[in-house]
Each structure stands twice: as C-alpha cells, then as structure tokens.
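Chemist: sequence and predicted structure, then a few things I'm wondering about:
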Amino acid sequence: MARKQSDYLKELLSSEPDGPATPPAAERVRPTTLLSRESALARVQSGQTRQVTQHLLDPARVRVWPGNARIYAQLNEQNCRELIDSIIAEGGQKVPAVVRRVTDDPAYDYEVVAGTRRHWSVQWLRNHSYPDLRFLAQVANLDDEAAFRLADLENRARQDVSDIERARNYASALTLHYDGKQKRMAERLRVSPGWLSKMLQVANIPDNILAAFSSWHDVQLKPAYNLARALGNTDAAERIAVAATRLAQEQAEARKQGHEGPSASEVMRRLLHAAQNDAASMNEAPIEIRSALGRVAMSVQSVNRQGITIRLHTGAGADTDEYLSGLKDILERLRASGKIF
C-alpha cells in the first residue's frame, strides 16, 4: 500500500473510537515481554501513539460486510493459496483485519470491513487441519460510509480486486452513501470526478457481456469504458451481445478442452468491432471449419481492407491436412460471398 494510502488508513481508523465492549481477556493479543509492554504504555501515556487492541476471534462468529467490493463467493483455495501458505508459514495471520461490532444478528459478534480474503483463508484452514486457528482483527467504530471508504482504500492496493467489482461497488455506494451525488463521492474518496464517472459507467456492463471474458479480472478500466460507451447505443448493444454469446461459447469450449480461450485483448477487439459493423453482417453465421472430431479447428475473426484474420484453435484434434483443406474452404467461401476477390 502506498504511503499516502497507508497514512490515510491510519487516520481514518484513529478518528473512530473503539466500541465500548471488549472480548474476553484470553482473546486479546498482548506484548510478549514486560519491557515491550512498559515501552508501549509509556508511548501511549505520552501521547506519541494511540493504543490499538487486536483480538483473536472465532471466524465463525464474524460475518462479511456486503458493502465491500470483493465478492466473497468467488474466493476459493486457488485464488487464496498464497495467503493460505503465508499464514501456515508464519504460524498465524500477521496483518489484522478491520471489523466492527454486530448488534442486529445473534449469530455474529463482528463483521469484516477490510480483510475478506484473510477471513476466508482462516476459515478454510480451520476446516483443513487447523481447527484452533483464530482470526486476527482490530475493532473500529465506523458508520457505513466510513466503512466503505476504508474498504475501498484497502482494495485500491489489491490487484486481485477487479475493476468490475470495484465499479459495481462504487455504483451501489453512490446511492447508499452519497444520495447519487458523484462530486461529493469523489471528494470523500479523494479521486478525480472524471475517473469516478468512468468507473460508474463501467459498472453498467451486464453479465452476459462480461461472460465473453475468461475472467472479470481480465477486464481493465480503459478498454471497459470504451465498451460501456458502445453499449449505450441500442443497435450496437445488440450486435455486441451476439458477439459476446459466441465468445462465451468459445471460452466454455476452451475450458472444457483444458486450454486458454480468447485473450482479453482479443475479446475486447471483437466486441468493439461488432459495435462498428452493420447489423446484417453480424447476423451472418460465422465461418468455421471443424475437425473430424467435430471441434472448431479454424474460424474467421475479421475481414477488412488490411487483410483476413483466421484463428487456428488448439485442441481441435485436426491434422495438417485438415488445416490446409480448411484454409482452402475458407478462401472459397469468402470469394463466393464477395468479401474477397
């Protein structure tokens, strides 16, 4: 996390007093030596530092605040593996999460404001050979708007939170915390109004279009903003949806075969190309060549004045002769359609 962001995080937390209640003494993390304890107390008494108590909690008694951008349901062993290994190697969680107290649900004592992956990883480890592992957290007294700002600040330093997740989180927060006022929201988050406006437009990209990508994490803000603008045109949106459906099928087929599907840049190029084409050409069936196994071996990606782009699909089971025959077939079909001479 950048220094300014780190300072802002400390400032935000220090401006909110801890709640009145504290967990049992056994759950508090204390200094390991008398000397370190006396030194810490001296600094607190002198006003040099603010005392922050960390707690070791049962993760089953901690829920996840829905106002965070990260989608908890999308966390799994694979995308949390590095953190899981770190917790095991270090003998426990080293960086505390930030939680706030829960009063509206007897099943929980706290909810996570920042530290969703840490909560998931500790919970996973408790279910896999580490039943006594505790969730390290510090308690903050935050209202929803302050909690949103704190969570957003942490997420900006995390590459594993996609721009789509953040954009949708911003769109929700705009209504919940800022009465739809983008300027005020930008001021509170300390971001430029123009950047925030782009994020909010990206939030409008529907799931059926995002399904064209192998992962939401592949969708970056700048090209996504261009796609969101293209979707603002009704006719273009329909053509983009057709192209997205085809791409989603390609992605599904690639996953089935254990291969990588179209890259994010290729997906974006094809979606934006669909937006620029006329409806008649987009409604034409794509030119594809299938192998003897019935799998797509070759497909025409684009035909324009610069040339013809043909994709060779791996995992189709086609041999060299099939590819050469397929290429000849494609050229003949393009000539017959009048697209090349």
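Modeler: Looks like it came in fine.
Chemist: where does pLDDT dip in the stretch 51-200 of the chain?
Modeler: Applying pLDDT under 70 to the stretch 51-200 of the chain picks out residues 51-52, 159.
Chemist: just the helices from it, written as ranges.
Modeler: 81-89, 116-126, 144-156, 163-178, 182-189, 193-202 (DSSP state H, counting those that start in this stretch).
Chemist: quick one: the shortest one to helix 144-156, angle?
Modeler: So that's helix 182-189. 70 degrees (axes from the mean of the first three to the mean of the last three C-alpha atoms, to 10 degrees).
Chemist: then helix 182-189 to CSV, C-alphas only?
Modeler: Once non-C-alpha atoms are left out, helix 182-189 reads as follows in CSV (Å, rounded to 0.1, in the frame of the first residue of the first chain):
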residue,chain,number,x,y,z
GLN,A,182,-20.9,12.0,-7.8
LYS,A,183,-19.0,15.1,-6.9
ARG,A,184,-19.4,14.6,-3.2
MET,A,185,-18.4,10.9,-3.5
ALA,A,186,-15.3,11.8,-5.4
GLU,A,187,-14.3,14.3,-2.7
ARG,A,188,-14.8,11.8,0.0
LEU,A,189,-12.8,9.1,-1.8
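Chemist: and that helix, what's buried?
Modeler: For helix 182-189, burial by neighbour count (16 or more other C-beta atoms under 10 Å) applies to 185-186, 188-189. For the C-beta atoms, the positions are set from N, CA and C on the backbone; glycine is no exception.
Chemist: farthest pair within these?
Modeler: With C-beta to C-beta as the measure, no two of the buried residues of helix 182-189 lie farther apart than 186 and 188, at 7.4 Å.
Chemist: so what sits against both of those two?
Modeler: Common neighbours of residue 186 and residue 188 are not found (criterion: C-beta atoms under 8 Å, 6 or more residues apart in numbering).
Chemist: any idea how far residue 68 is from the residue nearest to residue 154 when sequence neighbours are not counted?
Modeler: Leaving aside its chain neighbours, residue 154 sits nearest to residue 114 (4.4 Å; criterion: C-beta to C-beta, 6 or more residues apart in numbering). Separation of residue 114 from residue 68 (C-beta to C-beta, to the nearest Å) stands at 7 Å.
Chemist: give the residues shared as contacts by the two.
Modeler: With C-beta under 8 Å, 6+ apart, residue 114 and residue 68 have common neighbours residue 151.
Chemist: pLDDT wise, what is residue 224 at?
Modeler: Note on residue 224: pLDDT of 94.
Chemist: could you pull up the residues touching it?
Modeler: Applying C-beta under 8 Å, 6+ apart to residue 224 gives the contacts 163-164, 167, 202, 205.
Chemist: buried among those? Need that as a selection in PyMOL.
Modeler: Only the buried entries of the contacts of residue 224 go into this PyMOL selection, using 16+ other C-beta under 10 Å:
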select buried, resi 163+164+167+202+205
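Chemist: what's the closest of the contacts of residue 224 to residue 261?
Modeler: residue 164 (17.6 Å).
Chemist: tell me the contacts of the nearest residue to that closest one once chain neighbours are set aside?
Modeler: Excluding the flanking residues, the one nearest residue 164 by C-beta to C-beta, 6+ apart is residue 216, at 4.6 Å. Counting by C-beta under 8 Å, 6+ apart, residue 216 touches 162, 164-165, 210.
Chemist: likewise residue 223?
Modeler: Residue 223 sits in contact with 265, 268, where contact means C-beta under 8 Å, 6+ apart.
Chemist: can you rerun that using 7 Å?
Modeler: residue 268 (C-beta atoms under 7 Å, 6 or more residues apart in numbering).
Chemist: next one: residue 200
Modeler: Contacts of residue 200 (C-beta under 7 Å, 6+ apart): 167, 170-171, 174.
Chemist: which two in the residues you listed are spaced the farthest apart?
Modeler: Going by C-beta to C-beta, the pair spanning the contacts of residue 200 furthest: 167 and 174, at 10.7 Å.
Chemist: residue 144 touches residue 68, doesn't it?
Modeler: No: counting by C-beta atoms under 7 Å, residue 144 does not reach residue 68; the two are 11.4 Å apart.
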